[in-house]
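Visitor: I'll drop the sequence and a predicted model, then ask my questions.
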There are 2 protein chains.
Amino acid sequence: MGELVFVGLGLYNEKDISLRGLEEIRKADAVFAEFYTSLMPGLSFQKLERLARKKITVVSRKILEEEDGKPISDEAKKGKVAFLVPGDPLIATTHVDLRIRAERQGIKTRVIHGSSIVSAVMGLSGLQNYKYGRSVTIPFPKEGFTYETPYRVIMENRTMGLHTLCYLDIKAEEQRYMTIKEGLQSLLDVEKQKRRHVITPSTLVLGVARAGSDDPTVKAGYVGDITNHDFGPPPHILVFPAKLHFMEAEALITLAGAPEQIREIVK
Amino acid sequence: MGELVFVGLGLYNEKDISLRGLEEIRKADAVFAEFYTSLMPGLSFQKLERLARKKITVVSRKILEEEDGKPISDEAKKGKVAFLVPGDPLIATTHVDLRIRAERQGIKTRVIHGSSIVSAVMGLSGLQNYKYGRSVTIPFPKEGFTYETPYRVIMENRTMGLHTLCYLDIKAEEQRYMTIKEGLQSLLDVEKQKRRHVITPSTLVLGVARAGSDDPTVKAGYVGDITNHDFGPPPHILVFPAKLHFMEAEALITLAGAPEQIREIVK
């Protein structure tokens, strides 16, 4: 029996892999990769193959989700397989599913971690890690239907004094990546119906674009202003801060260009 | 004016740095590092210096927290400085503080992300990212006083159907790293006083030791059993799962050796 090693590629481009991850790829008998669970905007597949010193087979969502990743597990029964994924592995349910199936077939699995948007955005926000409540994804509206869950999660977290990390939807096959503007619009649409004053033009919000790149955009301000701020290309992500500690307000002002008046909402 | 680049070293040893991070270090005029905010159990300082191809100055908690990291900012006024930190930078408040001070002195700052326990433990647990509530640290008891906050956070999260990630206290200067056994004992002590049945011998819990190493221990089970499980050397971390989805239960059983009976508590 072989082995299946999940290797995290990190956030931005082929240089975000760890030295340990690169070693694993170079020792592998076969290398697969998927690029649909997150966008790595700077990635060059050619450069990645050159670094890996071998051919990399890209697998689609269909192969992973409808065919149980069969090409990967078939190879992993015979030898050492590296499976490359954006960010840190196993944050996506699909990876967990593949790992469980592999283990049940007697294939050993291991994980080489990579940098992830989960901790990156916490760090870039300057907001304290232990003050984040549950996170949520804002999905693309479906046939005119706008999802209310993100609105509710932001509201509930804020009531408890907790920040909310909002992932923005990705439809990689269609190359659609939700922008900060679209995410805010979706929340404002729910506000229009619910009228709980959760998301108003004067609500404080933080937007982050291209975390992990050489030119990330990190900008905090009021929803009315952030909606019109140019964040550049995707991926984008949103954070709704709750009541701020002193240091958090200073971080948003100095590191994310928030207006100085936010000092007034410090707890 | 120079530049201060925060470089995440990742989880386990010197090979967890990204290719991008290593490039930054090699281009830097001066390199500093701190190793007290997290334990990287496999790190060899000699190997790290060899990789960096230059001398690395280790700074203490005192220099960072009482002297505002002055040696670092002094160098960063003149040239390009890399500041190496365990995990992903800026998760520790001290790093955020240093970054704010640097920016206010006109020093440009950038961040090279690294693998972090935040996402690593989410991935290794097999529990869904968006079902984690706020996280909490279990501190070492102080003069007989046991902190109640972790107990309360676990209870509140569970009421909302959310998992709780419990960091365990670190006193790096004394080389004290709280173990899973100690963390659970601290929670059981609070249970004795509060009697809310939040932490009992039959509560499901997941322990992870040495995430990111070649031999992490990932074991789920009941508190009564996990207390006596040998997790090996630190760092340790705990996760208290709330109600499980089907796939989460399967992950705990297959990937963390949880008893098959936990299928009964699936939502």
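Guide: That came through, no problem.

Visitor: in the stretch 101-250 of chain A, which spans are helices?
Guide: Per DSSP state H, counting those that start in this stretch, the stretch 101-250 of chain A carries helices over the ranges A:117-125, A:149-159, A:180-194, A:223-226, A:246-256.

Visitor: Tell me which of those helices sits most buried.
Guide: helix A:117-125 (a mean of 26; mean count of other C-beta atoms under 10 Å in any protein chain shown). (Each C-beta comes from the backbone N, C-alpha and C, glycine too.)

Visitor: which helices and strands does that helix pack with?
Guide: Applying 3 or more C-beta pairs under 8 Å, 6 or more residues apart in numbering or on different chains; DSSP states H and E, one finds that helix A:117-125 makes contact with strand A:164-168, strand A:204-209, strand A:236-240, helix A:246-256, strand B:108-112, helix B:117-125.

Visitor: Next, the angle from the fourth one to strand A:236-240.
Guide: Helix A:246-256 and strand A:236-240 meet at an angle of 150 degrees, taking axes from the mean of the first three to the mean of the last three C-alpha atoms, to 10 degrees as the criterion.

Visitor: Any chance of TSV for the helices and strands packed on helix A:117-125, columns mean pLDDT?
Guide: Formatted as TSV, those follow (pLDDT from 0 to 100):
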stretch	mean pLDDT
strand A:164-168	98
strand A:204-209	98
strand A:236-240	98
helix A:246-256	97
strand B:108-112	97
helix B:117-125	95
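
Visitor: which residues touch A:Ser119?
Guide: By C-beta atoms under 8 Å, 6 or more residues apart in numbering or on different chains, the contact set of A:Ser119 is A:129, B:87-88, B:91, B:113, B:116, B:118-119.

Visitor: ok, now with 6 Å
Guide: B:88, B:91, B:116, B:118-119 (C-beta atoms under 6 Å, 6 or more residues apart in numbering or on different chains).

Visitor: Equivalent analysis for A:Ile107, please.
Guide: Shown in contact with A:Ile107 (C-beta under 6 Å, 6+ apart): A:1, A:4, A:76.

Visitor: So which of those residues is the closest to chain B?
Guide: When the contacts of A:Ile107 are compared for distance to chain B (C-beta to the nearest C-beta), A:Leu4 wins out at 12.4 Å.

Visitor: how close does the residue of the stretch 101-250 of chain A at minimum distance from chain B sit to B:Gln128?
Guide: The minimum distance from the stretch 101-250 of chain A to chain B, using C-beta to the nearest C-beta, falls at A:Gly123 (3.2 Å). Using C-beta to C-beta, to the nearest Å, one gets 22 Å for the distance from A:Gly123 to B:Gln128.

Visitor: Repeat that for A:Arg61.
Guide: Here A:Arg61 is placed at a distance of 18 Å from B:Gln128 (C-beta to C-beta).

Visitor: circling back to that earlier point, most widely separated two among the contacts of A:Ser119?
Guide: B:Ile91 and B:Ser119 (10.6 Å; C-beta to C-beta).

Visitor: in what helix or strand does A:Asp97 lie?
Guide: Using DSSP states H and E, A:Asp97 maps to helix A:93-104.

Visitor: That helix vs chain B: in contact?
Guide: Yes: using C-beta under 6 Å from any C-beta of the partner chain, we find that helix A:93-104 touches chain B at A:96, A:100, A:103.

Visitor: Reformat those residues as a markdown table; add neighbour count and pLDDT.
Guide: Output for the residues of helix A:93-104 next to chain B, formatted as a markdown table (neighbours: other C-beta atoms under 10 Å in any protein chain shown; pLDDT from 0 to 100):
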| residue | neighbour count | pLDDT |
| --- | --- | --- |
| A:Val96 | 25 | 96 |
| A:Ile100 | 18 | 97 |
| A:Glu103 | 15 | 97 |
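
Visitor: Of the residues you listed, which is the nearest to A:Leu187?
Guide: For the residues of helix A:93-104 next to chain B, the nearest to A:Leu187 is A:Val96 (28.8 Å; C-beta to C-beta).

Visitor: sorry, back to before: what's the neighbour count on the closest residue to the residue of the stretch 101-250 of chain A closest to chain B other than its chain neighbours?
Guide: Among residues not flanking A:Gly123 along the chain, B:Leu90 sits closest, at 3.2 Å (C-beta to C-beta, 6 or more residues apart in numbering or on different chains). Neighbour count of B:Leu90, defined by other C-beta atoms under 10 Å in any protein chain shown: 29.

Visitor: again with A:Glu66
Guide: Residues lying near A:Glu66 (other C-beta under 10 Å) number 10.

Visitor: With A:His236 instead?
Guide: Considering only other C-beta under 10 Å, A:His236 is surrounded by 24 other residues.

Visitor: now do the one 4 residues further on
Guide: A:Phe240 is flanked by 25 other residues according to other C-beta under 10 Å.

Visitor: which residues pair with it across the strands?
Guide: A:Thr164 (DSSP bridges).

Visitor: shouldn't it be in contact with A:Thr164?
Guide: Yes: the pair A:Phe240 / A:Thr164 is scored as a contact, 4.5 Å apart, by C-beta atoms under 6 Å.

Visitor: Find residues that contact each of those two.
Guide: Taking C-beta under 6 Å, 6+ apart as the contact criterion, the residues that touch both A:Phe240 and A:Thr164 are A:Ile154.

Visitor: follow-up on the earlier one: B:Val223 is nearest to which of the helices and strands packed on helix A:117-125?
Guide: For B:Val223, the closest of the helices and strands packed on helix A:117-125 is helix B:117-125, at 16.1 Å, according to C-beta to C-beta.

Visitor: Restrict that closest one to CA atoms and write it as CSV.
Guide: Taking C-alpha atoms only, helix B:117-125 is exported to CSV below (Å, rounded to 0.1, in the frame of the first residue of the first chain):
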residue,chain,number,x,y,z
ILE,B,117,-2.1,26.2,14.4
VAL,B,118,-5.4,28.0,13.8
SER,B,119,-6.1,26.4,10.5
ALA,B,120,-3.9,23.3,11.0
VAL,B,121,-6.0,22.1,14.0
MET,B,122,-9.2,22.8,12.1
GLY,B,123,-8.0,20.7,9.3
LEU,B,124,-6.6,17.9,11.4
SER,B,125,-9.8,17.7,13.4
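
Visitor: Enumerate every residue touching A:Tyr12.
Guide: A:42, A:212-213.

Visitor: show me the contacts for A:Val85.
Guide: Here A:Val85 is in contact with A:Glu34 (C-beta under 6 Å, 6+ apart).

Visitor: again with A:Arg210
Guide: For A:Arg210, the contact set (C-beta under 6 Å, 6+ apart) comprises A:41, A:216.

Visitor: One more pass at 8 Å, please.
Guide: A:12, A:41, A:216-217, A:232-235.

Visitor: which stretches of chain A have low pLDDT?
Guide: A:267 (pLDDT under 70).

Visitor: And the residue nearest the centre of it?
Guide: A:Ile117 (4.5 Å; C-alpha atoms, centre = their mean).

Visitor: So it is in contact with A:Gly10, correct?
Guide: No: look at A:Ile117 against A:Gly10 with C-beta atoms under 8 Å: they stay out of range, at 10.0 Å.

Visitor: The strand or helix carrying A:Leu64 near chain B at all?
Guide: Here A:Leu64, judged by DSSP H and E, is contained in helix A:61-65. No: applying C-beta under 8 Å from any C-beta of the partner chain, one finds helix A:61-65 separated from chain B by no less than 12.7 Å.

Visitor: Now do that helix: distance to the chain's middle.
Guide: For helix A:61-65, the separation from the chain centroid amounts to 19 Å (computed by C-alpha atoms, centre = their mean, to the nearest Å).

Visitor: Contacts for it next, please.
Guide: Here helix A:61-65 has contacts from A:34, A:36, A:69-71, A:94, A:98, A:172-173, using C-beta under 8 Å, 6+ apart.
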